[in-house]
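Visitor: Predicted structure and sequence below. I'll ask about it afterward.
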There are 2 protein chains.
Amino acid sequence: MKLTLPLIAFASGLCSQLCLAQTNQPPVEDFKPSSLNQPGKQYPQVNSERRVRARVSAPQATSVQLDIGGVKYPLTKGDDGLWIGESKPQDEGFHYYQLVIDGAQVPDPNSLYFYGASRWGSGVEVPAQDHDFYALKNVPHGQLRQTLFYSKSADAVLQCFVYTPPEYDKDTAQRYPVLYLQHGGGENETGWGQQGFTGRIMDNLIADGKARPFIIVMANSYVPGANMPGRGQAPASTNATAAAGATNSGPAQAGGPGGRRFDFSAFTKMLTEDLIPYIDANFRTLADQPNRAMAGLSMGGMQTRSITLANLDKFSHIGIFSGGSISTNDITDLEAFKQKVKLVFVGYGSREVGGNRPGGNRGGGDPKANVDALKAAGINSVWYVSPDTAHEWQSWRRSLYQFAPLVFQN
Amino acid sequence: MKLTLPLIAFASGLCSQLCLAQTNQPPVEDFKPSSLNQPGKQYPQVNSERRVRARVSAPQATSVQLDIGGVKYPLTKGDDGLWIGESKPQDEGFHYYQLVIDGAQVPDPNSLYFYGASRWGSGVEVPAQDHDFYALKNVPHGQLRQTLFYSKSADAVLQCFVYTPPEYDKDTAQRYPVLYLQHGGGENETGWGQQGFTGRIMDNLIADGKARPFIIVMANSYVPGANMPGRGQAPASTNATAAAGATNSGPAQAGGPGGRRFDFSAFTKMLTEDLIPYIDANFRTLADQPNRAMAGLSMGGMQTRSITLANLDKFSHIGIFSGGSISTNDITDLEAFKQKVKLVFVGYGSREVGGNRPGGNRGGGDPKANVDALKAAGINSVWYVSPDTAHEWQSWRRSLYQFAPLVFQN
């Protein structure tokens, strides 16, 4: 039976009522403080249903809400002036959120702060079943280096973060491959190192002998002059819808390749003409195409696709996380591509792909079909789906964890 | 004439009225965004009188205040739901602040966030006349390395930041002296690198040939088991008054040496038994007493005094910024001290010292008199007063800028 529009509306209304009934069930009272709280802060907390409970003191307020996953949940005031309340179950992993106090959208004073949705704001960690791969362990640790470099194309001193593997300073004759790893829309160069747990993921993989030690460079693609959505200083006329892709409120609306909203030319110039030469001159890199990879999440995946396809002489391994894929149609010379590209990895959250969910297509067509087509063409191509996650950091942590052991292996 | 109590009260009341009248003068309308705002955010702003103007959208709020320098200033609501208002003139430099929205103490959603006053919260930069020494310039830059190490005494993986000078990775045969540089009460290992601008100060000094390149290690003195005020997870019974020393609301109340509130033993053990050996094993240090210094601000200065006096075999250069001083009475063997200690530097903000201001005395007696006594005893001792600043970061940036050229010179 094909539902007509009124029937769909009715079914939708019914679902809303059922969902509301579920929400009204009292939460399971096994809440524990989030691991991303400020030192000593007891809230926010998360329970075994993966509900987030926030608490804030606002004695004179008349309305306080927890704003997470694109939904605002009312908090209730106690006699002590403390407002408290919880969300519906969230996906496992990291979530940006904020509080709304009498209409003011502010960070929760109890959480650590992370850059996403074009702002520094609150983050909460919903414990994941597979949290072990990014746990802080007593293994040899690499360093995350705040690195300042002069960009001629931007005529500015820019900041990036460079992960160097544990033994980097031990044997100064050793040189390493390099992965350029990009953040998403509305995010910046701090994301992969902070909420992405890049250092912990790599330290643990290397300690387990599962990945080859390599350098990771995390730069900010919002270089001066860039024309992309999601940057705070973008002119007001810029359509900022896609910045939501960096929040958990839904997938980004991807602009068409070459569209005004996704002009990667300034970043491409900075990366290829300034940053890569700087890194090769200042770190002990293996400074050739077989030892250089690029990967990114969401908008960073779109950049990876665009930049690697245009610079096959510079990159041999490609990772696209929730950011589109590469189709055989994108490749002008399939034989040359096959010779130069040693890996095309495409990852997505399970809630982004299939059905009518728009996130599966961020340039290049249907990602799974594209991976299969590349495989059929004899290209080392990998398709990964993160279980029970959406367009969010748990998908990207897992994608990096899957991608890192495959890179620089051939 | 000696004023009697009623007359003092009258004079005080008169002054309050005059000050209030001054406050009611409209501010000079040359406000500019603070350099520590989030990307693209226009507020907070600072004018040439050094007033801080905050703005926040809180359409349903009935009261919004700017809380800075220990004073709450009311904001006024406009028809657009934006609250706006400004503070009295602040000292030049960095200030922690927060907003109070209908009683909720929250970070300003427009600023970057810094750790101080035992919380991550808002910071604003009041442009200083001497800002050039910590300006970001196109000079060779060192790196600020997030470094994880296992502490046996704490049985935990701890984080510190290590500044390596610009040429560190160029000549891998070169070894460097090391300065251990400590934060204040209620602060952590991020303070010197972020609001302290340690990297910029050192990069500029080294580029100008004014300081010898050396390594700086910034650790968190709130190690597990530490019994000191200002840590978030301190038990509720802990007197937290001294944590205010890390804010701009006034100097810390120093506990007596050996008092329960300032027990540095856990930090001392971690520093001397775990961190120093780790740094010497993992960085190219000159690993001997003549090439090891310690300095710190406020509580970190008290730690420096306590730890260096007890470990003269480990440290040769001593810097105490707004954190007490060393008197000849502290020294059991003056000749041995003179042989081993090559520099005692004591710095303060001008508003902390002299008169009845309590900040001048944080252990060891009157700091200026102590410096003079050390000099008279033939010890290389330096007294520095930061003009027109109090117990705040501008005093400590300037102290580091004065201290760095003097250290490791003999």
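Guide: Nice, I can see it.
Visitor: so where do the strands sit in the stretch 201-350 of chain A?
Guide: A:215-219, A:292-297, A:317-321, A:343-349 (DSSP state E, counting those that start in this stretch).
Visitor: ok, A:Val106 to chain B distance?
Guide: From A:Val106 across to chain B, the span is 4 Å (C-beta to the nearest C-beta, to the nearest Å). The way it works is simple: take the backbone N, C-alpha and C, and place the C-beta from them, glycine included.
Visitor: which parts of the host helix or strand of A:Asn370 are buried?
Guide: If you go by DSSP states H and E, A:Asn370 is part of helix A:367-376. Judged by neighbour count (16 or more other C-beta atoms under 10 Å in any protein chain shown), helix A:367-376 contains these buried residues: A:367-368, A:370-371, A:373-374.
Visitor: Tell me the one of those residues nearest chain B?
Guide: For the buried residues of helix A:367-376, the minimum distance to chain B (C-beta to the nearest C-beta) is 31.1 Å, reached by A:Pro367.
Visitor: Retrieve the pLDDT associated with the closest one.
Guide: Listed pLDDT for A:Pro367 reads 94.
Visitor: my guess is it meets A:Val353, correct?
Guide: Yes - assessed by C-beta atoms under 8 Å, A:Pro367 is found in contact with A:Val353 at 7.0 Å.
Visitor: could you give the angle of the helix or strand just after the helix holding A:Asn370 to helix A:367-376?
Guide: Heading C-terminal from helix A:367-376, the first helix or strand you meet, by DSSP H and E, is strand A:381-386. Orientation check (axes from the mean of the first three to the mean of the last three C-alpha atoms, to 10 degrees): strand A:381-386 against helix A:367-376 gives 150 degrees.
Visitor: about what we covered before: overlap between the buried residues of helix A:367-376 and the residues near chain B?
Guide: Counting by C-beta under 8 Å from any C-beta of the partner chain, nothing from the buried residues of helix A:367-376 sits close to chain B.
Visitor: about what we covered before: any chance of the strands of the stretch 201-350 of chain A in a markdown table, with mean neighbour count, mean pLDDT and distance to chain B too?
Guide: Shown next, in a markdown table, are those (neighbours: other C-beta atoms under 10 Å in any protein chain shown; pLDDT from 0 to 100; distance: least, C-beta to the nearest C-beta, whole Å):
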| stretch | mean neighbour count | mean pLDDT | distance to chain B |
| --- | --- | --- | --- |
| strand A:215-219 | 26 | 98 | 12 |
| strand A:292-297 | 28 | 98 | 19 |
| strand A:317-321 | 30 | 98 | 23 |
| strand A:343-349 | 26 | 97 | 26 |
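Visitor: Residues touching the helix or strand that contains A:Arg397, excluding its own?
Guide: In this assignment (DSSP H and E), A:Arg397 forms part of helix A:393-403. Applying C-beta atoms under 8 Å, 6 or more residues apart in numbering or on different chains, the contact partners of helix A:393-403 are A:91-94, A:128, A:130, A:133-134, A:181, A:192, A:195-198, A:201, A:205, A:295, A:297, A:319, A:321-322, A:345, A:347-349, A:352, A:382, A:384, A:386, A:389.
Visitor: Now the buried members of those residues.
Guide: Using 16+ other C-beta under 10 Å, the buried ones in those are A:91-94, A:128, A:133-134, A:181, A:192, A:195-198, A:201, A:205, A:295, A:297, A:319, A:321-322, A:345, A:347-349, A:352, A:382, A:384, A:386, A:389.
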